[in-house]
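In: Got a sequence here, can you build the structure:
(2 chains)
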Amino acid sequence: MPKNRPHILLVDDELSIRDPLARYLEKQGYRVTEAGSATSAREALKGYDIDVVLLDIMMPGEDGLSLTRHIAETSGPPVILLTARSEEADRIVGLEIGADDYVVKPFSPRELVARIKVALRRTAGAVPASGNGCATWSFDGWQLRTAEQQLFDPHGALVPLSSGEYRLLEALVERAGQVLNRDQLLDLTKGRVAGPFDRAIDNQVSRLRRKIEPDSKDPKYIKTIWGGGYRFSVEVQRS
Amino acid sequence: MAGGLRILPRNMTGRIMLVTALGVLLVQGINSFIRYEAMKGRAVVEASSLIVAVTANRLDFGSVEPPRPLERRPAVRTLRTQKPLTLSEFHSTEELAQRVAMHLESVYPEVQAVRLSVGPIRQLPDDLKPRPRHKHAINRPDVQERYRRGEAALLSLKLADGSWLHSTTKIRTRGILPQWPLLIETLLIYIGVLIPLLLVIRQISKPLHQLNTRLSNAGFASGAPPLQPQGPDDVRNLIENFNAAEQRVNAMLTEKDVMLGAIGHDLKTPLASLRVRIESVEDEDERLKMAATVEEMVQILDDILILARLGKSSETQVLTDITALVEMVAGELDNDDRLVIVDQPEKCRAHVRPVLLRRALRNLMGNALQYGGKAQMETRCDGKDVIIVIEDDGPGLTSEQLTGMFEPFARAENSRNRALGGSGLGLTIARAIARAHGGDVILENREKGGLRATLRVRQ
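Out: Numbers count the residues shown, from 1 in each chain, chains lettered A, B, ... in the order given. A predicted model of the protein is given here:
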């Protein structure tokens, strides 16, 4: 019998958050198991077939990051981090060590549910989670590091990209030499949040060109293919 | 007065050295003058004895005129007149005159009266003016001229027949105060006074200088070890007191950061709890309003925390393409081309903390959109700084508002109207971030109306 009620493990030492959140999620149709510490969370992971873990980073005793690493190493269920820290560095660390996603406290429960759905879809459709293969793509002196989701120019300078621009570039670079039409790009870049409209791809391509092309009027890397779409036209190396 | 002060050296060492050097020079000048006067007194005595000797000689011969012209011109000239000479600038040398008078009157009974006085040569009648010794020099006006400067001693005797016998000689003052020994002496005083003084001042000024440098960084909690107390006791005490004060300030700053961090964390947990519970409110309108209120509280809290922890940001500096960063922030804030980026051929890179700088840019661009509706931006660099100029088309600010805008919780609209959102910390944060990057944020009104915000960071 297929499981129609996904099982969520909610790990947070704060009862004042855990309790109402569990009730909310149950109301949304999930089965929720609560844990007040990393230790009891490990017990629950052993005892139940958990689909998604919601995990607070700052907990007394073993913290959330350490538990995330454990779950990732044992190919456990996807992890969504609940973090109170606003420093971006901590979130990146969390994603690097194997978390699927994060929300910053205080979060909107509706948004959390949306992210849970994305995480569930990903495991159900066997879509590899982001951060599976941490690779560095190099082209013409540029480096695209997928672990940190960062682009560095030939001077070694960080080139800040919006998440949409990053995903677009990653999609193009991974399929260098192939012509990708707008629909394909839309599919490939559709992230956690619903994707943009058709024209938005063109906008993002032109923004990306401004940032990476030596002359955005006469693009060298991202070429427009008439009637087709776009193609990444320089040699790319993976390391 | 101010003009006179400007030529004084501005630092302590320079001033003390200059004043001391001038003081030594003045004392040495007075000293030389006193010595010169004493030497001149002796020269007068010498000159007087010469005249007396020559005059006595004349009286011995019974004639006041030499029996035959001398081979060499006499250093003493004599003249006979029927009346006494009246020379206004000649003054009698009282004590010396008495002694000479006693001597002459006792030896020569024909001497009725004796006057001895000193005065400028130019007042003497020509026949009495001293002449160069060598005959050939007499026709050279320059030599003669030189000879007639200075002072002469004049001895006037009233003889028995009522006539006066005058004799004069130049008082030799040339070379009575040798210059070389005086110069060496002055030099020695300078060496003896100024060098030890310089050493003492350096002992004071070096620690003072260190203290000053340190003080200009006070409050940034650099983590540098306390200053080593050195120099004389006064300065040593100053440094010790500074160290203690710095420690207190650092402790307070740390305490503030810890406290704000704790407040931030402790407030976020109940806020998170509240945010979850809000979902159980049935009335959707009410629920959305409550969620917005919580969101606003979180925003303010984040702003306060950023400001409080700015000095201790864990983010490392990364070489970053600032032009791309500006474009990214603009793209995040605006989807319908209200933020126009003026293209620059050159890309600007700088070592910055990208997350913090993004925050500063967000705040400035957000303001421009909020108050100006539209804005244009330009990123420039000159090898030293990266400059990002954001110009909006809004109403601008009054000069009073311009100066007050960087104060925490200041707002362009005077009433603390929350309708426009934000914590009122946006500009304060932007400026603090720019300053942490060795730059600044400047606000000014544009000539065409609207506000220009300039953010500068070191490259």
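
In: When you work out contacts or count neighbours from here on, use the C-alpha atoms and nothing else.
Out: Noted.

In: right, and B:G426 touches B:L361 too?
Out: No - under the criterion of C-alpha atoms under 8 Å, B:G426 is not in contact with B:L361, lying 9.9 Å apart.

In: These two: which is more packed in?
Out: B:G426 (29 against 23; other C-alpha atoms under 10 Å in any protein chain shown).

In: what's the nearest residue to that one if we skip its chain neighbours?
Out: B:N363 (5.3 Å; C-alpha to C-alpha, 6 or more residues apart in numbering or on different chains).

In: just checking, B:I201 touches B:N11?
Out: No - with contact defined as C-alpha under 8 Å, B:I201 and B:N11 do not form a contacting pair (11.2 Å).

In: These two: who's more crowded?
Out: Remark: of B:I201 and B:N11, B:I201 carries more neighbours, 18 against 9, as counted by other C-alpha under 10 Å.

In: name the helices or strands packed onto the helix or strand hosting that one?
Out: When elements are assigned from DSSP states H and E, B:I201 belongs to helix B:179-216. Judged by 3 or more C-alpha pairs under 8 Å, 6 or more residues apart in numbering or on different chains; DSSP states H and E, helix B:179-216 is in contact with helix B:12-60, helix B:233-278.

In: Can you say which of those is nearest to chain A?
Out: helix B:233-278 (3.9 Å; C-alpha to the nearest C-alpha).

In: ok, the closest one near chain A or not?
Out: Yes - Helix B:233-278 lies within reach of chain A by C-alpha under 8 Å from any C-alpha of the partner chain, at B:265, B:268-273, B:275-277.

In: So what's the gap between that helix and the chain middle?
Out: With C-alpha atoms, centre = their mean, to the nearest Å as the basis, helix B:233-278 stands 39 Å off its chain's centre.

In: before we move on, what about stretch B:82-97?
Out: 56 Å.

In: Let's test this: mean pLDDT of that stretch, rounded?
Out: Stretch B:82-97 carries an average pLDDT of 84.

In: do stretch B:258-273 as well
Out: Computed over stretch B:258-273, the average pLDDT equals 82.

In: Then stretch A:178-192?
Out: Mean predicted confidence for stretch A:178-192 is 76.

In: just stretch A:81-90 next, same as before
Out: Rounded mean pLDDT across stretch A:81-90 is 68.

In: Repeat that for stretch A:229-239.
Out: 87.

In: Stretch B:37-53 now?
Out: Stretch B:37-53 comes out at a mean pLDDT of 88.

In: Chain A contacts on chain B?
Out: When proximity is defined as C-alpha under 8 Å from any C-alpha, chain B approaches chain A at B:265, B:268-273, B:275-277, B:279-280, B:291, B:298, B:302, B:315, B:318-325, B:328, B:331-332, B:349, B:355.

In: hmm, back to that, quick one: what helix or strand has the residue nearest to B:G426 in it?
Out: Using DSSP H and E, B:N363 falls in helix B:354-367.

In: So which other helices or strands are in contact with that helix?
Out: Looks like helix B:354-367 contacts helix B:322-333, helix B:426-436 (3+ C-alpha pairs under 8 Å, 6+ apart).

In: got CSV for those, with mean pLDDT and distance to B:Q112 too?
Out: Output for those, formatted as CSV (pLDDT from 0 to 100; distance: least, C-alpha to C-alpha, whole Å):
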stretch, mean pLDDT, distance to B:Q112
helix B:322-333, 89, 110
helix B:426-436, 89, 99
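
In: JSON lines for those, including distance to B:G383?
Out: Output for the helices and strands packed on helix B:354-367, formatted as JSON lines (distance: least, C-alpha to C-alpha, whole Å):
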{"stretch": "helix B:322-333", "distance to B:G383": "13"}
{"stretch": "helix B:426-436", "distance to B:G383": "17"}
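
In: Can you name the residue of chain A nearest to chain B?
Out: A:P106 (3.9 Å).

In: Walking through chain A, point out its helices one by one.
Out: A:15-27, A:38-47, A:64-73, A:88-96, A:109-124, A:163-174, A:182-189, A:198-212 (DSSP state H).

In: what comes into contact with the first one?
Out: Translated: helix A:15-27. A:10-12, A:31-34, A:36, A:109, A:113, B:269-270, B:272-273, B:276-277, B:279-280 (C-alpha atoms under 8 Å, 6 or more residues apart in numbering or on different chains).

In: which bits of chain A sit near chain B?
Out: A:14, A:16-17, A:20-21, A:24, A:84, A:86, A:88-89, A:105-109, A:156-162, A:211.
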